[in-house]
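Peer 1: Sequence plus predicted model, see below.
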Amino acid sequence: MAHAEINTDYKTFKGGIHPPYNKELANSKPIEAAPVPGKVIIPLSQHIGAPNSALVAAGDRVEAGQKIGGTDAFVSAPVHSSVSGVVKEVAEMANFTGARVPCVIIEADSEQVPFRAGETKPLDALKAEEIREIAKEAGLVGMGGAAFPTHVKLAPPKDKPVDIVLINACECEPFLTCDHRLMLERPSDLVAGLRLLMAAVGAGRGVIGIEANKPDAIEAVRKVAGDIEVASLPVKYPEGAEKMLISVVAGRKVPPGKLPSEVGALVQNVGTAVALYEAAATGKPLFERVLTVTGPGIRNPKNLLAKIGTPVSTLIEAAGGFVGSPARLIMGGPMTGWTQENLDAPIQKGTSGLVALTEELIGWQEEEECVRCAKCIEACPMFLMPNYIVQAAKRGQWDQAEMYGALDCFECGCCSFTCPSFIPHVKYVRKAKAAIAALKKGVK
């Protein structure tokens, strides 16, 4: 299959927006280890795909890095204990969406037994199948928020070979700086992880795409990149979305409803690449991650290395607590994240940040009638008509919502951001997606 050559001028994609980035709150804060909570709540499924079953029961002693949930399904990812301690129960608890899901609740030891690295092969001796198996056993998923199992991405169809691997290092979501800090503090690990991704799919080209507003990260990564290309990209949201990144860097358009492998590309997040390096070099599963706790409603914004399953409240406290009473707390970024009302909800593999926003920043506006201005259409990087999807969702016309591209929307939030009528387009898209999925499963 012939593909377009990599661009060298990196022209930006059409659509998109330029929101205030507000990264200065945390981008200069080095990564710190978050406190180990007295109790972790680890959802058994933190990925797109088949759910896991518990491999432990109440009373069992577990160690950090021990597998506690798994399944034989291919599209899935096991989960591991993030602490040493004792399983208190396996029960349904509320996750970041508010849904009650099966979780393993572990009481952490007062003195933690650290993860013990195992014997591994030299990285350059690993074969493609071995890298895929490492990613699978480590429970790696996309850590930018989508949480798609990494080993599945590393097994594209044989008739669609991948020749380029792109690292989404744009971190275009406002406020978040965890990827920025990883690039500054662990650039060699990032490059090593990218080389493993390339070896897993047999790609000859690797590109790390970083927005131009992070010149220190560009410089740090270029110093250790070798033959890996480091692309300085225009500052525009959502530059890091995989279809946008492929278009800007590789000049290839992923067809609607298709995956990046359709055009010979693979995209992974900075955190995922670093996690793959750790898994291959030490055998460490994905049981902790770097995330940003920030916003004008946080007293001391930080970038924290936190155990998966840590309650939100523990991380807020580690960042100095709230300033007053924030109007909204969001898990993830303000454009794509989920509003949190339960401070006991645990962080997951895909949690990139916690953002506390004040009323002065977001304001409170009631949803009004659409004024047919078409700003949402102009801003949509997927060339959809969000206003039509909203209308269909309000009427319960799910076939119409699907026809207008609800399933092609990746919920970037550009439409909601630009809407003068304060219509929460993404909320309606999510509602439509859930209804369409239920109908396809035969659920009324």
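Peer 2: Perfect, I can see it now.

Peer 1: What is the neighbour count of the nearest residue to residue 384 once chain neighbours are set aside?
Peer 2: Nearest residue to residue 384 in three dimensions, chain neighbours excluded: residue 405, at 4.3 Å (Cβ to Cβ, 6 or more residues apart in numbering). Placement of C-beta: from N, CA and C, glycine included. Counted with other Cβ atoms under 10 Å, residues neighbouring residue 405 total 19.

Peer 1: With residue 127 instead?
Peer 2: Residue 127, neighbours per other Cβ under 10 Å, totals 11.

Peer 1: And it, how far from residue 411?
Peer 2: Shown here: residue 127 relative to residue 411, a distance of 37 Å by Cβ to Cβ, to the nearest Å.

Peer 1: same check, this time on residue 35
Peer 2: Relative to residue 411, and taking Cβ to Cβ, residue 35 is found at 32 Å.

Peer 1: who's more crowded, those two?
Peer 2: Neighbour totals were compared for residue 35 and residue 411, and residue 411 leads with 19 against 14 (other Cβ under 10 Å).

Peer 1: Look up the closest residue to the more buried one, ignoring the ones flanking it.
Peer 2: Closest residue to residue 411 apart from its sequence neighbours, by Cβ to Cβ, 6+ apart: residue 426 at 5.0 Å.

Peer 1: Secondary structure class of that neighbour, three-state.
Peer 2: helix (DSSP: H, G, I helix; E, B strand; the rest coil).

Peer 1: got a list of what it touches?
Peer 2: 336, 409, 411, 413, 415-416 (Cβ atoms under 8 Å, 6 or more residues apart in numbering).

Peer 1: if we can go back for a sec, next, find the distance separating the residue nearest to residue 384 from residue 256.
Peer 2: 7 Å.

Peer 1: do residue 93 as well
Peer 2: Separation of residue 93 from residue 256 (Cβ to Cβ): 37 Å.

Peer 1: same deal with residue 317?
Peer 2: Look at residue 317 and residue 256: by Cβ to Cβ, they are 44 Å apart.

Peer 1: Give the residue from these two that has the larger number of neighbours.
Peer 2: Neighbour count, other Cβ under 10 Å: between residue 317 and residue 256, residue 317 has more, with 17 against 12.

Peer 1: Following element in sequence after the helix or strand of the chain with the lowest mean pLDDT, please.
Peer 2: Ranked by mean pLDDT, DSSP states H and E, the weakest helix or strand in the chain is helix 359-362, scoring a mean of 81. The C-terminal neighbour of helix 359-362 among helices and strands, as given by DSSP states H and E, is helix 375-379.

Peer 1: Give me the distance between that next one and the centre of its chain.
Peer 2: Here helix 375-379 shows a centroid-to-chain-centroid distance of 25 Å under the convention Cα atoms, centre = their mean, to the nearest Å.

Peer 1: How about that helix, which residues are buried there?
Peer 2: By 16 or more other Cβ atoms under 10 Å, the buried positions in helix 375-379 come out as 375-377, 379.

Peer 1: host element of residue 182?
Peer 2: Secondary structure from DSSP H and E places residue 182 in helix 178-185.

Peer 1: List the buried residues for that helix?
Peer 2: Across helix 178-185, burial judged by 16+ other Cβ under 10 Å covers 178-184.

Peer 1: Please name every helix or strand in contact with the helix or strand just after it.
Peer 2: Note on helix 178-185: by DSSP H and E, the next helix or strand toward the C-terminus is helix 187-201. With contacts taken as 3 or more Cβ pairs under 8 Å, 6 or more residues apart in numbering; DSSP states H and E, helix 187-201 sits against helix 128-137, strand 164-168, helix 178-185, strand 205-211, helix 215-225, strand 265-269, helix 270-282.

Peer 1: Among the ones you listed, which comes closest to residue 63?
Peer 2: Proximity of the helices and strands packed on helix 187-201 to residue 63 was assessed by Cβ to Cβ; the nearest stretch is helix 270-282, lying at 14.8 Å.
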